[in-house]
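Participant: predicted structure and sequence below. I'll ask about it afterward.
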Amino acid sequence: MASSSSNLISLKTSDGTVFKVERALAKTMKTVQAIIEEADANIYMIPIHNVFSHHMDMIIDYYKLSVAGKSKEFSVEKLDNDELKDFLLAVHYLNMEDLFEVLTQAVADRLEKKSVGYVRKYFGIENDFTPEEYAAIRKKNDWAFKGDDIEPEEDEEKQEE
Amino acid sequence: MALGSNFYGVVSFGPLTEEIIATVKRLQLTTSNGTLTYVPPLPTLPFDLIVEILCRLPVKLLVQLRCLCKSFYSLISDPKFARKHLCLSIKRRRYILSSINDSNKLLFFDSPIPSTSSFTLTQLNHPFTSENNGYPKPLSLSSCDGILCFVFDDNSTILWNPSIRKFKLLPPLKNPMKSVICSSSFGYDHFNENYKVIAITFSKGKGNEVNVHALGTDSWRTIEDYPCPHPIYRPGVLVSGAVNWMVYDASSSSSVIVSLDLEKESYQKFSHPYLENDYYSNLGLVEGCLCIFAHWKMLFDVWIMNEYGNKESWTRLYSCVPFTVDRGLHLRPNALYISKDNQLLMDFYEFNSNKSMFVDYDLKNGTLKSFEIQNIDRWVDPEVYIESLISPCY
C-alpha cells in the first residue's frame, strides 16, 4: 500500500489544474482511494478525468462545511440544470457517497413538482412505445395525471415529432 | 424530424430546442479565435444515475413517469425498485380514516400530514363493495410500508395501497367455528423478504387463533398457543420484525406486551413500565422504537423502549397535558405518531358531541393546533400511512 509522507494528495483535473487536498478529503473519493491503494510506490499526482476545477471548488466547499458540521448549509441553488447534472456526473465518477446523495436529492427536489414533459426533456428520454401501447398505458394510469398539485401537462402528442 | 448530423460535431434529433441553441452558442465561443476546440456534449445521465434520482421522487409523479418509455415502465413497476424507493425517498406521511355515510356507503378520506396549518381531507376512490351491492364495514386497520390491511365485517381481508391504487383480496380463512377476525396486522419479514398478514380470530370454544398468510401464497397457516385467552381488538404494532400487542394478563392482573417474531413465528412476553391501572394505554412507534402512549384524565405520557426486548430500557420520553377540556366531557385520545421535530399527532373523539378532532401538539414548546373533522363519523381508528410503490399484488 502506498504511503505518502505528507498529508496532502495532489489531484489533477481535466483542465490541467492541480489541487492539493487533505488525505481525509481524498479518502471520501472512493475512486481516488482505490488508485492510491493500488499504487506500489508513492503517488505524486493523481489525474481525475471528467472532473473540472469548478467541480473541485465545490467539492472542497462541501468538505469544509461537513467537517465543521454544517453540511446542511451546502447549496447548489446557483447551478442551472445542466451544471447540476455535470457536477453529479463528476461526483458519481469520483464515487463520493455523501455528496452524491446530496446531489441526487437536489435533482429530485427540482423535478418533484414538474410535469412529465419536463422530466422527459431533462433526462432526454425518447418515447419508444407504439401509439397503441402508449394509449393503453396512459389510459390505465390516467388517474395519476389528475389532481390539483400537478403542473398542467404539456401535450405529449405534440412533442413526438 | 431529424436534424443533420456532424455539422458542428453534434448529433441531435428532434426539434430545435433550447439545448441545441445553447450548444451551438458554446461552440461558437470556443471557435471565435479560429481554432475548433472540443466542447463536451451536454450532459446526459446514464440510466443507473437516473435510477438514483427517480427513487427519490414522489409516488404520484413516478406513476406518471411509467408512461415515458419502456425502460421507465419496467423499472418503476419492479418490486426491487419499490423497495429502494421505500428506503431512500423522504417518507411522505398521510392520515386516513374511514366512515359510513347516511346511505350506508363506505367512504375513505385522507390528508397529507399537515406541516402548515392546513388540513384538508379528500375523498379517496376505493374499489370495495360486498355482495348485494352493499358495502362492508371495516373492523380493523393497520398499515406497513404504505399498504393498508383491512378486515371487513364479512371476515374478508384486503390489502390496499391507495397511492398506486392497487389492492388484493386475500383468500378466505378456513373457519369452521365461524369465529370473527378481531385483529389483523401486516408486517415485513426481513429474513424471508416478504410481507405477512397476521389475523387473530376469537371464538369462545377455541379462544384466540393466530392465522398467518405470506404474500404470494394462496392459503393461511396457524401459529399455535397465543399466550393470552382474551380477545384482541387492536392491530399489532410492527417493531424490529415483530408484531406487538398490549394484552391483559390474568395471572399478574395487569397488562403485558406480547410479541410475535415474523420470521421465527414464536412469541415473547415482556412487561412495561409501571402504569396506574386507570391509564388507558396503546402501543405505537416512535423513531423505530416501540412506545406506549398512556393517558389518564388529561395527563399524557409517552414511554419508549430504547432497546427492543429489554424491559430495563423503558424511558419516559414525555409527560404532558396537551389540552384543557371542560370537565364532564368524555374523550378518548388516540396518539398516532410522533414526528422528528417532536410534533405529536393525535386524534380524539368526543363521545357526547360525536365530534372528531385532529391535534398537532408540539412536545417541546407545548403549543397546539387542532382541526375539527367535519361531518365525518369515523368507523375505525384512523391510521397514519406512508406513500409507497409497494404493490400488494403478485
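Facilitator: Everything's here; your move. Not measured: the values here are computed from a predicted model. Numbering: from 1, shown residues only, chains lettered A, B, ... in the order given.
Participant: quick one: contacts for B:I53?
Facilitator: Each residue near B:I53 by CB atoms under 8 Å, 6 or more residues apart in numbering or on different chains is listed here: A:T104, A:V107, A:A108, A:L111, B:L45. All C-beta spots, glycine's among them, are computed from the backbone N, C-alpha and C.
Participant: of those residues, which one scores lowest on pLDDT?
Facilitator: Lowest pLDDT within those is found at B:L45 (89).
Participant: next, count neighbours for that residue.
Facilitator: By the criterion of other CB atoms under 10 Å in any protein chain shown, B:L45 has 19 neighbours.
Participant: how far away is it from chain A?
Facilitator: 6 Å (CB to the nearest CB, to the nearest Å).
Participant: ok so, going back, out of the contacts of B:I53, who has the most neighbours?
Facilitator: Using other CB under 10 Å as the neighbour test, the contacts of B:I53 are led by A:V107, with 25 neighbours.
Participant: re the thing from before, could I get the contacts of B:I53 as CSV with secondary structure and distance to B:D189?
Facilitator: Output for the contacts of B:I53, formatted as CSV (DSSP: H, G, I helix; E, B strand; the rest coil; distance: CB to CB, whole Å):
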residue, secondary structure, distance to B:D189
A:T104, helix, 30
A:V107, helix, 34
A:A108, helix, 30
A:L111, helix, 34
B:L45, coil, 35
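Participant: what residues are up against the closest residue to A:L88 other than its chain neighbours?
Facilitator: Spatial nearest neighbour of A:L88, chain neighbours left out: A:L103 (4.6 Å); criterion: CB to CB, 6 or more residues apart in numbering or on different chains. Residues in contact with A:L103 (CB under 8 Å, 6+ apart) are A:V76, A:L84, A:F87, A:L88, A:V91.
Participant: hmm, back to that, ok, the contacts of B:I53 vs A:N141, which is closest?
Facilitator: Taking CB to CB as the measure, A:N141 sits nearest to A:L111 out of these, at 18.1 Å.
Participant: isn't that closest one right next to B:L57, touching?
Facilitator: Yes. If you go by CB atoms under 8 Å, A:L111 and B:L57 touch, sitting 6.3 Å apart.
Participant: residue nearest the middle of chain A, spatially speaking?
Facilitator: A:L88 (1.4 Å; CA atoms, centre = their mean).
Participant: surely that residue and A:V107 touch.
Facilitator: Yes. Between A:L88 and A:V107 there is a contact under CB under 8 Å: 6.6 Å.
Participant: where along chain A do the helices fall?
Facilitator: Secondary structure of chain A by DSSP state H: the helices cover A:23-27, A:30-38, A:53-67, A:81-94, A:97-111, A:116-123, A:131-140.
Participant: just put these in a markdown table and tack on distance to B:N161.
Facilitator: A markdown table is the format used below for these (distance: least, CB to CB, whole Å):
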| stretch | distance to B:N161 |
| --- | --- |
| helix A:23-27 | 42 |
| helix A:30-38 | 36 |
| helix A:53-67 | 37 |
| helix A:81-94 | 31 |
| helix A:97-111 | 21 |
| helix A:116-123 | 21 |
| helix A:131-140 | 16 |
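Participant: can you tell me which of those is nearest to B:S89?
Facilitator: helix A:97-111 (8.0 Å).
Participant: between the closest one and helix A:81-94, how many degrees?
Facilitator: Calculated by axes from the mean of the first three to the mean of the last three CA atoms, to 10 degrees, helix A:97-111 forms an angle of 150 degrees with helix A:81-94.
Participant: how far is helix A:97-111 from where the chain is centred?
Facilitator: How far helix A:97-111 lies from its chain's middle: 7 Å, per CA atoms, centre = their mean, to the nearest Å.
Participant: buried among the contacts of A:L103? Make that a ChimeraX selection.
Facilitator: Applying 16 or more other CB atoms under 10 Å in any protein chain shown to these, the buried members can be selected in ChimeraX as follows:
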select /A:76,84,87,88,91
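Participant: related to what we said a few turns ago, pLDDT at the residue nearest to A:L88, what is it?
Facilitator: 96.
Participant: equivalent analysis for B:N375, please.
Facilitator: What the model reports as pLDDT for B:N375 is 69.
Participant: and the nearest residue to A:F123 once chain neighbours are set aside, which of the three is it?
Facilitator: Nearest non-adjacent residue to A:F123, counting by CB to CB, 6+ apart: B:I50, 5.7 Å away. On the three-state scheme (DSSP: H, G, I helix; E, B strand; the rest coil), B:I50 is labelled helix.
Participant: sorry, back to before: ok, the residue nearest to A:L88 to A:D80 distance?
Facilitator: 14 Å (CB to CB, to the nearest Å).
Participant: equivalent analysis for B:V302, please.
Facilitator: 46 Å.
Participant: cool, B:K174 as well?
Facilitator: For B:K174, the distance to A:D80 - CB to CB - is 62 Å.
Participant: separation between B:I113 and A:F87?
Facilitator: 33 Å.
Participant: for B:L317, same thing?
Facilitator: B:L317 is 41 Å from A:F87, where distance means CB to CB.
Participant: wait, what's in contact with the residue of the stretch 151-300 of chain B found nearest chain A?
Facilitator: Nearest to chain A, among the residues of the stretch 151-300 of chain B, is B:R165, at 6.3 Å (CB to the nearest CB). Listed by CB under 8 Å, 6+ apart, the contact set of B:R165 reads A:W143, B:N125.
Participant: next one: phi and psi at it?
Facilitator: phi 60, psi 50 (degrees, to the nearest 10).
Participant: same check on the one 4 residues further on?
Facilitator: Geometry field for B:L169 lists phi and psi as phi -90, psi 120, criterion degrees, to the nearest 10.
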